[in-house]
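> need a structure here:
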Amino acid sequence: MHLGNGIICPVTGIPMLAAAGIAAFYAYKNTKKNFSKDKIIPIVTLTAFVFALQMINFAIPLTGSSGHIIGGILLSAVLGPYAAFLAICAILTIQAVLFADGGLTALGCNIFNMGILSCFVAYPFLYKPFAEKNKYFLGSLTASVAALQFGAIAVVMESALSGSISFADVASFAALMQFIHFPIGITEGCFTGGIIIALKNMSNKNMLKIFGTVSLILVVFISKIASQMPDGLEWSLLKMSDSFILQTHSTFYNIAEFIQTKTAIFEHPSALTNAAGVVAVAFLMYFVCLSLNKKELIKINIDTEK
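Prediction:
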């Protein structure tokens with residue numbers, strides 16, 4: 001569901017990037033309120049784990065398409081929605097900057113589609129009511145399916161607002177996106193529910209060992225056998241190729257493409273670059289956590305002086 005540079009125009013991309021920035025600031029301030037040093041390991045480890053999961057595409061039978069885990073509901077359930085949103089922002093930023101997976105012009109849209117809709121809509125309104133009744137699996141399934149469907153509709157509307165597709169073709173594009181993302185949502189929901197239940201009795205120390213190891217196994221070994229078929233968005237775009245108008249003539253697009261040609265040093269993934277990506281996103285979230293923890297350190301120093 002990673003939108004590229006050629007689909008989103010400045011009229012859509014710039015406001016969505018601004019909205020994503022405001023949401024990130026809001027999430028940062030709320031995460032900082034109750035942040036403590038013991039949360040660093042879970043946040044860094046789960047962020048790296050979800051980054052690794054997003055790199056593994058699984059085939060969708062009988063469609064010629066594939067999908068991957070988004071991870072917004074999983075992160076929200078374990079870390080809370082605010083820290084989860086920061087994690088999604090870090091993941092999508094590293095993917096766009098270092099791997100050219102998702103366009104810089106569409107970064108705000110991608111954060112909205114995979115972050116805001118998962119962490120601030122599907123999680124509180126669909127997952128939490130079930131979780132409060134200890135129905136974690138059902139909550140994960142319901143919220144994951146909804147998050148994918150919400151994101152699919154958002155992609156369609158952003159494409160239409162960008163002029164990439166005419167409003168006459170919106171219904172056809174929406175039908176394709178909804179259809180192909182439904183089985184992806186079911187897969188993610190089942191996986192998420194199983195992980196959340198498993199994490200209930202896992203210590204932070206064990207989480208670091210298990211999920212850190214699994215992350216490296218995913219990107220170094222499992223990625224080699226991951227599906228190479230088009231993902232849900234690419235599959236839908238191919239079906240609508242005759243109706244799409246690429247947005248490649250703006251200065252916004254040219255600047256984004258130029259920047260990505262310089263920064264996307266892992267554009268051609270390998271086991272080594274995949275592992276480097278996991279390390280990069282882990283370090284980024286670690287520095288975010290250090291910033292989040294700074295308030296607590298300052299407060300301790302002030303209390304000591306008193």
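
> Lys262 - that's part of a helix, no?
Yes. Residue state for Lys262 (DSSP: H, G, I helix; E, B strand; the rest coil) corresponds to a helix.

> List the residues that contact it.
Taking C-beta atoms under 8 Å, 6 or more residues apart in numbering, we find Lys262 in contact with no residue. Placement of C-beta: from N, CA and C, glycine included.

> Okay, it and Ala96: tell me how far apart.
Using C-beta to C-beta, to the nearest Å, we find Lys262 at a distance of 13 Å from Ala96.

> repeat for Phe179
Phe179 is 27 Å from Ala96, by C-beta to C-beta.

> ditto for Ile210
In terms of C-beta to C-beta, Ile210 sits 28 Å off from Ala96.

> Of those two, which one has the most company?
Comparing Ile210 with Ala96 by neighbour count (other C-beta atoms under 10 Å), the higher total belongs to Ala96, at 26 against 15.

> For that one, list the residues it contacts.
Gly102, Gly103, Leu104, Leu107, Asn110, Gln260.

> out of those, who has the most neighbours?
Most crowded among those, counting by other C-beta under 10 Å, is Asn110 at 32 neighbours.

> which strands and helices sit next to the helix or strand containing it?
Following DSSP states H and E, one finds Asn110 within helix 107-111. Judged by 3 or more C-beta pairs under 8 Å, 6 or more residues apart in numbering; DSSP states H and E, helix 107-111 is in contact with helix 10-33, helix 81-99, helix 136-161.

> and with 7 Å instead?
Using 3 or more C-beta pairs under 7 Å, 6 or more residues apart in numbering; DSSP states H and E as the contact test, the elements touching helix 107-111 are helix 10-33, helix 81-99.

> What's the mean pLDDT across that helix?
Averaged across helix 107-111, pLDDT comes to 98.

> How far off centre is that helix?
Put simply, helix 107-111 sits 9 Å off its chain's centre (C-alpha atoms, centre = their mean, to the nearest Å).

> now what about it, what contacts it?
2-3, 8, 12-13, 16-20, 88-89, 92-93, 96, 102, 158 (C-beta atoms under 7 Å, 6 or more residues apart in numbering).

> Which helix or strand lies directly C-terminal to that helix?
Next along from helix 107-111, by DSSP H and E: helix 117.

> other SSEs contacting that next one?
Helix 117 packs on helix 136-161, going by 3+ C-beta pairs under 7 Å, 6+ apart.

> buried ones in the helix it packs on?
By 16 or more other C-beta atoms under 10 Å, the buried positions in helix 136-161 come out as 136-156, 158-161.
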